[in-house]
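S.K.: pasting a predicted model and its sequence here:
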Amino acid sequence: MASIRRRKAADSSTKEEEEKEIEEKEEDKDDKNKKNKKKKEEPSTGKDKKAKEKWSCVDSCCWLIGCICTIWWFLLFLFKAMPASFPQYVTEAITGPLPDPPGIKLRKEGLRAVHPVVFVPGIVTGGLELWEGHQCADGLFRKRLWGGTFGEVYKRPLCWVEHMSLDNETGLDPPGVRVRSVSGLVAADYFAPGYFVWAVLIANLARVGYEEKNMYMAAYDWRLSFQNTEVRDQTLSRIKSNIELMVTTNGGKKAVIIPHSMGVLYFLHFLKWVEAPAPMGGGGGSDWCSKHIKAVVNIGGPFLGVPKAVAGLFSAEAKDIAVARAIAPGFLDNDIFRLQTLQHVMKMTRTWDSTMSMIPKGGDTIWGGLDWSPEEGYSPGRKKQRNNDTQFSQSKNANYGRIISFGKDIAEAPSSEIEMIDFRGAFKGQNVANTTCRDLWTEYHDMGIGGIRAVADHKVYTAGSIMDLLYFVAPKMMTRGSAHFSYGIADNLDDPKYSHYKYWSNPLETKLPNAPDMEIFSLYGVGIPTERAYIYELSPSAECLIPFQINTSANGEDEDSCLKDGVYSIDGDETVPVLSSGYMCARGWRGKTRFNPSGIKTYVREYDHSPPSNLLEGRGTQSGAHVDIMGNFALIEDVLRIAAGAKGEDLGGDQLISYYNLAYYLSAECRLGPKRSVDLARKGNHIVFGRVF
């Protein structure tokens, strides 16, 4: 019994040992699994680590660009593949049925082509192509340097700037370079792919029967002074001949002329040129306009100039460029692919004499002085209330007459507290050697530190002193410009000096032609903040940089302020203030005046800006912006009716929307002529001029 018990005890002990071994083996397996798992979680070393380090930010950038390009091409494929009516279908699903384009609508009403139409494009919207160039421009014969894709700007920027510049002494072609305007309707139908200028208007005219035989694009080299387009290219003579031919081949029907932007000033110059005797003029005689022109339909015309031109000539910037400069400091000033961007832009654009045609005209009489301006009381936050003058509140400290002020405190201070130091007699001396500026030399380098300081110490400039300022900072440019343009108000229009071509594009120094049956329209947008005055500051480190820049940190105290990013804004079409686009047709030429001795009828048609409701609408069919208004359905309908024979009275006469436009006409009358009473009628949201006695 004892031996049996011993065996059982031994058996149980061996069983316990076996169980122990099994447990130990399982524990060993768990440990190995844990170690393997830990190894997997640990960062790779050796070859794995090196492989991971090869992926850099360059790889990330390339991957990102690849994704963007792939998505872009995919979306482009979908856009090309989808039916042309799809965007309209989606838009109508969101906003409801869209109205017919004006051409289709008026064709249904029975309207057909009657008068031949001539388009006169403005500055920068017409294409320019190369006919002769330097070695760097090989392969570009008759390729567009301006307009289209602008591909050469990126491929060879310095070569492009060289060929787009004019001679700084003559204002004509530099030696060995010939750049000319593109001809035909394609010269200005699109500025760039997808960005229309005249294309929408041309398409709607075509819907009522127009084609190239009764439409003509009066393209010209918009860089040249107006008279030099005739000297170099005989452009004015070709416009005269084409109008005569179109009138003859269309059964004696007079032409309807449609200028846009600076083209308004260019055609105003033409009206005097065509009457003037040769060789200065076209020799058409005093009745040429009466025989050949039915109406002049001006769109977005800067009749009295634009403050934006002053900023462009003074510092090669306006609001958009100034803001970009503030967002990316130094980007526009430093070398980009060995190109000092803004300085090269200034050097190039200061050879374009046409830009000087848009310097404000009429001085302080039109644009205001140190303590007053015709737009006093304007407040951008009161746009919706502008038909009720009792609800306007004056914008605090907005002195629009001070076109340039050095500092916000100067812009807002009473004139009695501003101590101005005359800059005109200041000593000029050259800056540092030209080699430090990479051979880029502007007229600012001839001013020296003393001259630059003198400009800033004068503190404030109105339209009356802007000319002296520009003569001081850019004497070569202004010497050329003063031979072609004038900016005053004529005391006696019968003075023989006003027969010179330099006065012909200034409506305040010339008479309209003797054509009592002709009509003149001024069509433009309103309701968009438009540049009117600027706050400047000295640029830091101005040895090679442009020494003055807009102070983008200057802002108004509240959201209703007209001061934003260093720019005072007023009502207009984003480029041309209302008082420049509207005054002449509503007042200066209204009735028989010294500027309009034959009593040509004039009309003002304003179009309130309404942005597109969704992206599929593109730039909108109710836009009042300076270029986008060319696609405004209401404006296009007015133009088509005039081309089909309608008169201003058939359109309903004047259509004035901007309150301050009217206020200006009334307040300025006492400065330009005898005060007259005006009979006003209010119709809905429009203020309509009645008879002027």
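M.R.: That came in fine, so what should we check first? Numbering: from 1, shown residues only.
S.K.: CA atoms only for stretch 245-255 - export them in CSV, please.
M.R.: What follows is stretch 245-255, C-alpha atoms only, in CSV (Å, rounded to 0.1, in the frame of the first residue of the first chain):
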residue,chain,number,x,y,z
LEU,A,245,-16.7,103.8,-97.0
MET,A,246,-19.2,102.2,-94.6
VAL,A,247,-21.6,105.2,-94.9
THR,A,248,-21.3,104.9,-98.7
THR,A,249,-21.8,101.1,-98.9
ASN,A,250,-24.7,101.1,-96.4
GLY,A,251,-27.0,103.4,-98.5
GLY,A,252,-25.8,106.6,-96.9
LYS,A,253,-26.8,105.6,-93.4
LYS,A,254,-24.6,107.5,-90.9
ALA,A,255,-22.3,105.6,-88.6
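S.K.: now do the SS call for residue 63.
M.R.: helix (DSSP: H, G, I helix; E, B strand; the rest coil).
S.K.: so how far is residue 69 from it?
M.R.: 11 Å (C-beta to C-beta, to the nearest Å). Any C-beta I mention is one placed from the backbone N, CA and C, and that applies to glycine too.
S.K.: same check, this time on residue 285
M.R.: 62 Å.
S.K.: out of those two, which sits in the busier spot?
M.R.: residue 285 (15 against 10; other C-beta atoms under 10 Å).
S.K.: pretty sure that one sits against residue 275.
M.R.: Yes - assessed by C-beta atoms under 8 Å, residue 285 is found in contact with residue 275 at 6.5 Å.
S.K.: name the nearest residue to residue 487, sequence neighbours excluded.
M.R.: residue 361 (4.7 Å; C-beta to C-beta, 6 or more residues apart in numbering).
S.K.: any idea which helix or strand comes after the longest strand along the chain?
M.R.: Determined from DSSP state E, the single longest strand within the chain is strand 528-538. Next in sequence after strand 528-538, counting helices and strands by DSSP states H and E, comes strand 548-550.
S.K.: pairing partners for that following strand, with directions?
M.R.: strand 528-538 (antiparallel) (DSSP bridges).
S.K.: so which bits of the strand it pairs with are buried?
M.R.: Across strand 528-538, burial judged by 16 or more other C-beta atoms under 10 Å covers 528, 529, 530, 531, 532, 533, 534, 535, 536, 537.
S.K.: tell me which of those residues is nearest to residue 575?
M.R.: Closest to residue 575 out of the buried residues of strand 528-538 is residue 530 (6.6 Å), distances taken as C-beta to C-beta.
S.K.: hey, C-alpha coordinates of the longest strand of the chain in CSV?
M.R.: In CSV, the C-alpha atoms belonging to strand 528-538 read as follows (Å, rounded to 0.1, in the frame of the first residue of the first chain):
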residue,chain,number,x,y,z
ILE,A,528,-18.6,100.4,-57.1
PRO,A,529,-16.0,102.1,-54.9
THR,A,530,-13.6,103.9,-57.2
GLU,A,531,-10.2,105.3,-56.5
ARG,A,532,-10.3,109.1,-55.9
ALA,A,533,-7.3,110.0,-53.6
TYR,A,534,-4.3,108.4,-52.0
ILE,A,535,-2.2,108.4,-48.8
TYR,A,536,1.5,108.0,-49.5
GLU,A,537,4.6,107.3,-47.5
LEU,A,538,8.3,107.2,-48.3
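S.K.: quick one: distance of it to the chain centre.
M.R.: 14 Å (C-alpha atoms, centre = their mean, to the nearest Å).
S.K.: for the residue positioned nearest the centre of the chain, which non-adjacent residue is spatially closest?
M.R.: Geometric centre of the chain, nearest residue: residue 575, 6.0 Å, by C-alpha atoms, centre = their mean. Closest residue to residue 575 apart from its sequence neighbours, by C-beta to C-beta, 6+ apart: residue 626 at 3.9 Å.
S.K.: give me phi/psi at residue 572?
M.R.: phi 170, psi -160 (degrees, to the nearest 10).
S.K.: thought residue 472 was touching residue 450?
M.R.: No - the pair residue 472 and residue 450 fails to qualify as a contact (C-beta under 8 Å) at a distance of 11.9 Å.
S.K.: of those two, who's got more company?
M.R.: More crowded of residue 472 and residue 450, by other C-beta under 10 Å: residue 472, with 19 against 12.
S.K.: now name the helix or strand holding that one.
M.R.: helix 463-473.
S.K.: can you give me the buried ones in that helix?
M.R.: So helix 463-473, judged by 16+ other C-beta under 10 Å, has buried residues 463, 464, 465, 466, 467, 469, 470, 472, 473.
S.K.: ok, the second one to residue 655 distance?
M.R.: It refers to residue 464. Distance from residue 464 to residue 655, by C-beta to C-beta: 33 Å.
S.K.: before we move on, what about the third one?
M.R.: Here the criterion is C-beta to C-beta. By it, residue 465 lies 36 Å from residue 655.
S.K.: and the fifth one, by the same measure?
M.R.: Distance of residue 467 to residue 655, given as C-beta to C-beta: 35 Å.
S.K.: pull stretch 400-412 out as CSV, backbone CA atoms only.
M.R.: Provided in CSV are the C-alpha atoms of stretch 400-412 (Å, rounded to 0.1, in the frame of the first residue of the first chain):
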residue,chain,number,x,y,z
TYR,A,400,-11.3,114.1,-51.8
GLY,A,401,-9.7,117.2,-53.3
ARG,A,402,-6.3,116.1,-51.8
ILE,A,403,-5.4,113.6,-54.4
ILE,A,404,-2.1,112.8,-52.8
SER,A,405,-1.3,113.2,-49.1
PHE,A,406,1.8,112.1,-47.3
GLY,A,407,0.3,110.6,-44.1
LYS,A,408,-3.3,110.0,-42.9
ASP,A,409,-2.9,112.9,-40.4
ILE,A,410,-2.2,115.3,-43.3
ALA,A,411,-5.1,113.9,-45.3
GLU,A,412,-7.5,114.7,-42.5
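S.K.: so what touches it?
M.R.: If you take C-beta atoms under 8 Å, 6 or more residues apart in numbering as the criterion, stretch 400-412 is touched by 307, 310, 314, 360, 364, 367-373, 375-376, 378, 397, 399, 418, 456, 458-463, 466, 469, 532-538, 551, 554, 563, 568, 570.
S.K.: quick one on the thing from earlier: wait, what's in contact with the residue nearest to the centre of the chain?
M.R.: Contacts of residue 575 (C-beta under 8 Å, 6+ apart): 261, 300, 302, 306, 308, 530, 531, 626.
S.K.: again, but for residue 466
M.R.: 310, 359, 360, 403, 404.
S.K.: now render those residues as a markdown table, adding neighbour count and distance to residue 124.
M.R.: Compiled in a markdown table, the contacts of residue 466 are given as follows (neighbours: other C-beta atoms under 10 Å; distance: C-beta to C-beta, whole Å):
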| residue | neighbour count | distance to residue 124 |
| --- | --- | --- |
| 310 | 25 | 17 |
| 359 | 21 | 17 |
| 360 | 25 | 19 |
| 403 | 27 | 22 |
| 404 | 26 | 23 |
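S.K.: go through those residues and flag which are in helices.
M.R.: Per DSSP state H, helices hold the following members of the contacts of residue 466: residue 310.
S.K.: among the contacts of residue 466, which one sits closest to residue 266?
M.R.: residue 359 (15.2 Å).
S.K.: if I look at the closest one, how far off is residue 206?
M.R.: 37 Å.
S.K.: same question, residue 100
M.R.: From residue 100 to residue 206 the distance is 15 Å (C-beta to C-beta).
S.K.: ok, now residue 192?
M.R.: Plainly put, residue 192 is 22 Å away from residue 206 if you go by C-beta to C-beta.
S.K.: more neighbours, those two?
M.R.: Applying other C-beta under 10 Å to residue 192 and residue 206 shows that residue 206 carries more neighbours, namely 14 against 11.
S.K.: the more buried one reaches residue 103, doesn't it?
M.R.: Yes - between residue 206 and residue 103 there is a contact under C-beta under 8 Å: 7.0 Å.
S.K.: give the contact list for residue 612.
M.R.: 618, 619, 620, 621, 623.
S.K.: which pLDDT value goes with the third one?
M.R.: The reference is to residue 620. Here, the pLDDT recorded for residue 620 equals 82.
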